[in-house]
Each structure stands twice: as structure tokens, then as C-alpha cells.
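In: Model the following, please.
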Amino acid sequence: MKSELKIYTYNFFVSWIPSHFVRKFYLNYILGVKINKNASILLGCQFNTVNNLSIGESVLNQRCHIDNRGGITIGNHVSLGPQVAIISSDHDMQSITLEGFEAPIEIEDYVFVGARAIILKGVRVGRGAVISAGSVVTRDVDAYTIVAGVPAKKIGIRRKDIKYTTRYQRFLH
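Out: Presented below is the predicted three-dimensional model:
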């Protein structure tokens, strides 16, 4: 009950406070999320639970939905576009009781995820991969692979000499 109140408070109040410091303070010290001090969590980014989440030096853009019930690890220099959904749980549609099940998601370093893409349970996204906007990722993505579509399929290869940081903290975002 206490954890539900904490996550509700974050999702519907704190996540809309235009201060990176306040949002990250709440995530770190109230919710206990493992989050890098240089990570950026922009306005309206919501989480499903208070645990099972580790965020490196990365950017979670506006209105991302992070369903971390099954566990999510986000590496360093990952850029999630606006309204990306990462969903680590699901239901068995053949079950008469609609049983739920979860599987962890791992997003390695230097991954770029375009706006409104969806990454589903049990997926590992390899280092430097690109997920195009609007794509639905249902299976692992190899390192430096570019995927697009529903379901996402390989459309190219990304160069391997990428060197950037994702320090992005816009004022009032």
C-alpha cells in the first residue's frame, strides 16, 4: 500500500514538476531507483513499480512509460524518444484466469529508441542498436543493428565508432 502511494505520487505529481533535481531526488531517495547522477528523466515519465529498475547515464524523454515489474536495466548513453513504452510484463491470453507473467528487459549502452516505439518483455537490445520511431520490438536486437516496423525487423547496420554522451537537461523539462 505504501509503495503504491509512493509510485502514484511520483507518476501524477512529481513527474510533472519542472525540475530534474526534484524528480531524480524522489526517484533515488523515496522510490529507491538505481539511477545515475547524470541521467535525465524528462516531464511525465511514468513507472509501474518502485523497484526492478536501473538507469545509467541516459535520457528518458517526455511521457515515457516504463513498466518495470519484470525488471528493466538501461545502460549508459541510451536515448529514449518521447512516449517510448518499455513493457516487461504481459498476460497469457490462452489462460482462463488471464495469468500474468514477467520477463526482464536489458537495453545496453548507446542505444537510440525513436518516439513512440515499444519494447516488450524478455528483450535484450544490444549495444549501439537503433529502434526506429513507432516500432514494436518483440525479440532481441543485435548490437549496432537498426530495426523498424511492427514487428520490428532489421533494416540496416549502424556504424560502430559512436562516441557521444546523453547529458540532456532542458530548462523546465
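In: Could you measure from the nearest residue to Y110 once chain neighbours are set aside over to V59?
Out: Closest residue to Y110 apart from its sequence neighbours, by C-beta to C-beta, 6 or more residues apart in numbering: G128 at 4.5 Å. C-betas here are computed from N, CA, C, even on glycine. Here G128 is placed at a distance of 16 Å from V59 (C-beta to C-beta, to the nearest Å).
In: Please apply the same query to G122.
Out: 24 Å.
In: higher neighbour count, the two?
Out: V59 (23 against 17; other C-beta atoms under 10 Å).
In: Touching, the more buried one and S40? I think so.
Out: Yes - counting by C-beta atoms under 8 Å, V59 touches S40, with 4.5 Å between them.
In: can you give me the helices for the chain?
Out: Counting by DSSP state H, the chain has helices at residues 2-12, 20-25.
In: Other residues contacting the shortest one?
Out: Contacts of helix 20-25 with the rest of the structure, by C-beta atoms under 8 Å, 6 or more residues apart in numbering, involve 14-15, 17, 35, 37, 39-41, 45, 169.
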